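Engineer: Please find the sequence and the predicted model below.
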There are 2 protein chains.
Amino acid sequence: MSQYRDTAAGTIGSEAVGSTVKIAGWVARRRDHGGVAFIDVRDASGIVQVVADPDVIDEVASLRMEYCVAVSGEVRPRPDGTTNPDLPTGMVEIGAEEIQILSPADALPFMLDDRVEVDERVRLEYRYLDLRRASMAANIAARSKATAAIRRTLDDLGFLEIETPTLVASTPEGARDMLVPSRLREGHFYALPQSPQLFKQLLMVSGVERYFQIARCYRDEDLRSDRQLEFTQLDLEGSFWGQDEVLDTIEQTLVAATEAVRGIRLTEPFPRLTWQEVMDRYGSDKPDLRFGMEIADLADLFESSEFGVFTSALESGGAIRGINTGVRDFPRSKADELTELAKANGAKGLVWMVVNDDRSLRSPVAKFLSDAEIRGVIDRLEAQPGDVLLLVADRWKTAVTVLGALRNVLGRPADHEDLAFLWVTDFPMFEEEEDGSITFSHHPFTTPQDVEMMATQPEHALARAYDAVLNGVELGSGSVRIHDPELQRKVFDILGIDSETAERMFGWFLRALRFGPPPHAGFAFGIDRLVMILQNEDSIREVIPFPKTQSGVDPLTGSPTLVDDRQLAELGITLRPETRTKLEES
Amino acid sequence: MSQYRDTAAGTIGSEAVGSTVKIAGWVARRRDHGGVAFIDVRDASGIVQVVADPDVIDEVASLRMEYCVAVSGEVRPRPDGTTNPDLPTGMVEIGAEEIQILSPADALPFMLDDRVEVDERVRLEYRYLDLRRASMAANIAARSKATAAIRRTLDDLGFLEIETPTLVASTPEGARDMLVPSRLREGHFYALPQSPQLFKQLLMVSGVERYFQIARCYRDEDLRSDRQLEFTQLDLEGSFWGQDEVLDTIEQTLVAATEAVRGIRLTEPFPRLTWQEVMDRYGSDKPDLRFGMEIADLADLFESSEFGVFTSALESGGAIRGINTGVRDFPRSKADELTELAKANGAKGLVWMVVNDDRSLRSPVAKFLSDAEIRGVIDRLEAQPGDVLLLVADRWKTAVTVLGALRNVLGRPADHEDLAFLWVTDFPMFEEEEDGSITFSHHPFTTPQDVEMMATQPEHALARAYDAVLNGVELGSGSVRIHDPELQRKVFDILGIDSETAERMFGWFLRALRFGPPPHAGFAFGIDRLVMILQNEDSIREVIPFPKTQSGVDPLTGSPTLVDDRQLAELGITLRPETRTKLEES
């Protein structure tokens, strides 16, 4: 293989007994026993045991953990009682004839053992050691396998991978844009792209027809909730396409990635549920389908109830929904926590019911309910004695959202051992902000399903927009885009965007739509998240080789760093006096 | 295929006659003749002719160039005398039964015809139209094919594609770094990477062993000589590797890319010539091997010459070299131009000789030369009557460089129809700057071939560094890296970099080398340049979908743009007063 080795350490099995091999790798473990040293040598392929006599081979004396070595010797069977059938190389050992220290290692800042918990900051500072751990090496390899499988799938389908620029124009709503000062055009700035969205639509106008890119994107936001300033997405678009073609294609990439990483073939097609349906059944637009606990509509049971909370909810157009959480023995603290969660999600209250052995209900509200109502609830929720039922009477959105949150807290598996992919389709055109105003759910080039309804009843208008969801995590989203300039104008009108504003915000893009744009549709999903789940990790930082901390710092290289005033001057910028003062004070 | 079409336009042949098809694409040409319209409809697969009667199909009246349309109709043979065997669809036409205008197009700013010369700024402003031209569509597709072939090759060889960060620490010599102000850490800056060099070496320290990445890189330099602020390179590194493993692997990627784009299988291995050899024979470290005109060493012929220019050159340690340019009839202006070129390259003069029919020489210096010397030159350069010979007597480097430049001017093919790949190995450790000082040819982690020689005779020290060259263009370079901290210290010593400076410049990287780094070696080559040559183009902008102009501007989107003071303030920066004044004045 090279001057340093002729054999991969992890591949040496019994069939190699008697042959002389040369391996190279790292000292993963060393024990001294009976006058000889037993050294586990690790390379990318695995581990093999080397046995060496310090009296014969001088280098053995100085060998420490993680030294990089080359070892020559004869493969021989391990003595009886010392074999390890769990290891591919567990039946053999190498009797070292020569050991060359390729490079020494300082004392390690932490043990390179998956079972050892190490502070993440220290792991990132010594990421090159952290990546030698088996789990991290597997994560990095899995990521490469996943992207290679996605690429092959799309290449085989005739897609072109096309690189769009990463030095782009800042968008007018670009508060989250990261900026790059231009040297050649002093005082002007490039932005790093939040996504290749407009460029991929331009490629459709260019006649490309089948585009994809595994693209680096940038978003300058707080790094809470496991985000990174730079992230990677599969970005895809097709001309003369509608929703079905997108979903079919993306599904193939997800199947290929899963097979490459997990070795399992997913069942296709994935479930396709409308937004209305997942909200009704799971109280979330990214439901976790790995467990049931579906939300039931109980309104009809209480239409003429004497329980005022229920009837007044219904009278004001609200809903009564419930879930059966199963047999539970909640401590008081957990119950309080769930009630708090319900209130945090906007519910006025949470109704608890426990099913007694006689199929009556133990509940603070039981005394207000008729026998028929109690029977109705128990039947509707298929409840058995001991089951704990949770009900919410409120505005529809609040009722399902609250129960969806409770459902997740109570039912969601702690890991990603199982996988449940699904599509959520027919999203609303608009979503309500916290202040009650409505904004676009997707970008303003998304096709409405019914333009007239969008104008007259925006709260009910649906979009040709869809999400991919895995294990309760939104992987990505897409839509059928507007290609008809006339329709685009109508949509802007309804959004209250006049032509001058539209020109200022999207002028160059709108101009492209004047030159025969084809109908097109597309999608983007996050590679970091997909690989995180496939690798059963709980943070994207575990599947990014060199991530930043949540404060955007790289403890390994120290970036971001201070920069010379002189260097800034060449870019036409300087620090703000306030910033300079802050820096000096800190 | 979708609701818009069931057939790819460019694939409809005689076997489809009689069937009804639905196609979608763009109006590439329209002629009206005998009361019917002949419309060429183009999609990504090609072009087909549609025949439609304006009296029957209303839409025909309004169809203009580049309208996007869907057409249904029956495939029928073209009438005798109207077939076009050059076109895959040239035997058939579609008798339109229905034409749907999917979107109209404004009048075009230029004709979408490869034969029409259009100002590049206009092409870039309407890049989405420019990319519809056949040559540009082919370039974009070729680029995708090349990178897909490279990736498959490396994936099959067990390489992992690993994404390294693009928000990195600025390098101390980072005058060419593009900077990104940090919002979370006011007053601090990320840099965009000039290459993943240090991260890929860290990956070797991490035990990855086989890394590659098709990586976006950034260099803030004047965009003369066909460069871009952002460019793409294949970046590769292998552990326990030396030069041979790198060259073999990179060669496979180049063979695969060439086969994918050109459909030809290159002969392997590529020629491997040392730097000394290519300088001696071709006067360039990136020689174009598509033609001969090799430089000959003539020194021995003139050791006892009576021609003072020659003998004094030899006496001062210089060289006498020459080329045979073949039979030429140079106009005076061309001759002057070549002499100027020689002088611009540092030569004191250029000696011209023309071989007469009687094998004597016509030359201003002929009278100073003996018959033996004249015979010697003619023999050495294998000259025939009419051949023009050019000689330079000067310092070795000047002599070969001047003749190399003349050789290129006189012999280099104007296009890239033929391909000549080669490796240039054994580069010097140092190169001479214009001011006579010496600097590192590669980066300071490049392994010297002989440490002692580097210390005692730096001008003769060679590095384990190598370049890939194609048709006289440097595609990329690589080296065997230093993995031994002791050797690294020696190299820094010789370079006059003390340990404090080394720590400041490369501290975090040098620390990684203290933890068992493996021997490793790697390479990087430019994707833009490779595809440019494979596609026989003369600028990388022809193979980049959305390039910037030479002043770093995107005429399509207007980037870089001005940015709100408020937005800058959030990043802790502001425009310099001088810059602000300049902007206001302009």
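Structural biologist: That came through fine.
Engineer: Let me know the pLDDT of A:E93.
Structural biologist: In this prediction, A:E93 carries a pLDDT score of 97.
Engineer: Longest strand of chain A, counting residues only.
Structural biologist: In chain A, with assignment by DSSP state E, the single longest strand is strand A:20-33.
Engineer: ok, the helix or strand just after that strand near chain B or not?
Structural biologist: Later in the chain than strand A:20-33, the nearest helix or strand by DSSP states H and E is strand A:36-43. Yes: using CB under 8 Å from any CB of the partner chain, strand A:36-43 comes into contact with chain B via A:R42, A:D43. C-beta coordinates here come from the backbone N, C-alpha and C atoms, glycine included.
Engineer: Partner strands of strand A:36-43 and their direction?
Structural biologist: Sheet partners assigned to strand A:36-43 using DSSP bridges are listed as strand A:20-33 (antiparallel), strand A:46-52 (antiparallel).
Engineer: most tightly surrounded among these?
Structural biologist: Counting by mean count of other CB atoms under 10 Å in any protein chain shown, strand A:46-52 has the highest mean neighbour count of the strands paired with strand A:36-43, with a mean of 22.
Engineer: That one: what's the following helix or strand?
Structural biologist: Next along the chain from strand A:46-52, counting by DSSP H and E, comes strand A:68-77.
Engineer: That following strand near chain B anywhere?
Structural biologist: Yes: interface with chain B: strand A:68-77 contributes A:C68, A:A70 (CB under 8 Å from any CB).
Engineer: between that strand and strand A:36-43, how big is the angle?
Structural biologist: Relative orientation of strand A:68-77 versus strand A:36-43 (axes from the mean of the first three to the mean of the last three CA atoms, to 10 degrees): 110 degrees.
Engineer: Dump the C-alpha coordinates for the next helix or strand after strand A:68-77 into CSV.
Structural biologist: Using DSSP H and E, the helix or strand that follows strand A:68-77 in sequence is strand A:92-103. Only the C-alpha atoms of strand A:92-103 are listed here, as CSV (Å, rounded to 0.1, in the frame of the first residue of the first chain):
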residue,chain,number,x,y,z
VAL,A,92,-4.5,-13.3,15.9
GLU,A,93,-1.7,-11.2,17.0
ILE,A,94,1.4,-9.8,15.4
GLY,A,95,4.7,-10.8,16.8
ALA,A,96,6.6,-7.6,16.3
GLU,A,97,10.0,-7.8,14.6
GLU,A,98,10.4,-4.1,14.1
ILE,A,99,8.7,-1.1,15.5
GLN,A,100,9.3,2.4,14.0
ILE,A,101,8.0,5.4,15.9
LEU,A,102,6.6,7.7,13.2
SER,A,103,5.8,10.4,15.6
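Engineer: And strand A:92-103, what's buried?
Structural biologist: For strand A:92-103, burial by neighbour count (16 or more other CB atoms under 10 Å in any protein chain shown) applies to A:V92, A:E93, A:I94, A:A96, A:I99, A:I101, A:L102, A:S103.
Engineer: wait, does it contact chain B?
Structural biologist: Yes: applying CB under 8 Å from any CB, one finds strand A:92-103 in contact with chain B at A:L102, A:S103.
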